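structure for the following, please:
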Amino acid sequence: MFEYLGGVAGWLCCWRVTLTWQSGQYSPTGERVQVIDVTRAARLRELVLTARRDPRIRDYGYFLHRQWDDADAPRACCRGHELTPGRAGGRPCLCGVGHFVSECYCGAVQHLPPLGPGCGELPFDPQAGRHHW
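Numbers count the residues shown, from 1 in each chain. The predicted model follows:
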C-alpha cells in the first residue's frame, strides 16, 4: 500500500481513490466500486483527470492517508542513552514532512530530519472537528 522512500523515519503518505462506475462491466475489476491506492501526487492527478473525462465513471473521491513509520528510527539519544518508551515518536510539522523527535531524560532533544526553514508546531485550532449542527 505504501511506497517506502528510505531514510530514518517519517510519514508515509498515500491517497485512497474511490471510483464509482455506472456498471461493473465498465470497471477493470468487474466491480461497480473500485478502490485504488496512490503514492504519488502525479498519479493522483492523472486518475482525477481521467475520472472527470470518462462518462462511464459516475462519481469519484479521494482522501489522504498518513501513517508514521519509525522502523529505522534511532533507539538511543545523541549521547548514547537508550530512549525509554514515550520519549520518542513522530510529530507533524508546518513543513508537511514531519519529524522523529526524541527527548532523552538527560535533556538531549533530537529532530530527524533536522528542523529547517518553515518548520514549527502546527497551530492549535479549537474549532477543528466542530460542526454547525
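
and stretch 91-101, what's buried?
93, 98, 99, 100, 101 (16 or more other C-beta atoms under 10 Å). (Each C-beta comes from the backbone N, C-alpha and C, glycine too.)

out of those residues, the closest to residue 76 would be?
residue 100 (12.9 Å; C-beta to C-beta).

how near is the residue nearest in space to the middle of the chain to residue 93?
Among the residues of the chain, the one closest to the centroid is residue 66, at 2.4 Å (C-alpha atoms, centre = their mean). Distance, residue 66 to residue 93, using C-beta to C-beta, to the nearest Å: 12 Å.

quick revisit: what are the phi and psi values at the residue nearest to the centre of the chain?
phi -120, psi 140 (degrees, to the nearest 10).

I'd assumed residue 16 was in contact with it.
No - at 11.4 Å, residue 66 and residue 16 do not qualify as touching, with contact defined as C-beta atoms under 8 Å.

quick one, domains of this protein?
10-67, 74-120 (automatic domain parsing).

any regions of the chain where pLDDT drops low?
Low-confidence regions of the chain, defined by pLDDT under 70, span residues 1-11, 68, 70, 125, 127-133.

how about the helices in it?
Listed in chain order, the helices of the chain (DSSP state H) span residues 41-53.

residue furthest from the geometric center of the chain?
residue 25 (32.7 Å).

next one: that one from residue 56, what distance?
In terms of C-beta to C-beta, residue 25 sits 9 Å off from residue 56.

then residue 78?
56 Å.

how about residue 21?
6 Å.

ok, the closest residue to residue 20 other than its chain neighbours - how many residues close by?
Nearest residue to residue 20, sequence neighbours excluded (C-beta to C-beta, 6 or more residues apart in numbering): residue 59, at 4.2 Å. Neighbour count for residue 59, taken as other C-beta atoms under 10 Å: 11.

hey, what's residue 17 bridged with?
Beta-bridge pairing for residue 17 (DSSP bridges): residue 36, residue 62.

which stretches in this structure count as strands?
Here the chain has its strands, by DSSP state E, at 10-21, 33-38, 57-69, 88-91, 99-103, 109-112.

now the third one - C-alpha only, CSV.
These are the backbone C-alpha positions of strand 57-69, laid out as CSV (Å, rounded to 0.1, in the frame of the first residue of the first chain):
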residue,chain,number,x,y,z
ILE,A,57,-17.5,7.0,-14.1
ARG,A,58,-20.4,8.3,-12.1
ASP,A,59,-18.5,9.6,-9.1
TYR,A,60,-15.0,9.7,-7.6
GLY,A,61,-13.4,10.8,-4.4
TYR,A,62,-10.1,10.6,-2.6
PHE,A,63,-8.6,11.2,0.8
LEU,A,64,-5.0,11.4,2.1
HIS,A,65,-3.9,8.7,4.5
ARG,A,66,-0.8,9.2,6.6
GLN,A,67,1.0,6.6,8.6
TRP,A,68,4.1,7.2,10.7
ASP,A,69,7.0,4.8,10.0
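
thanks a lot, catch you later.
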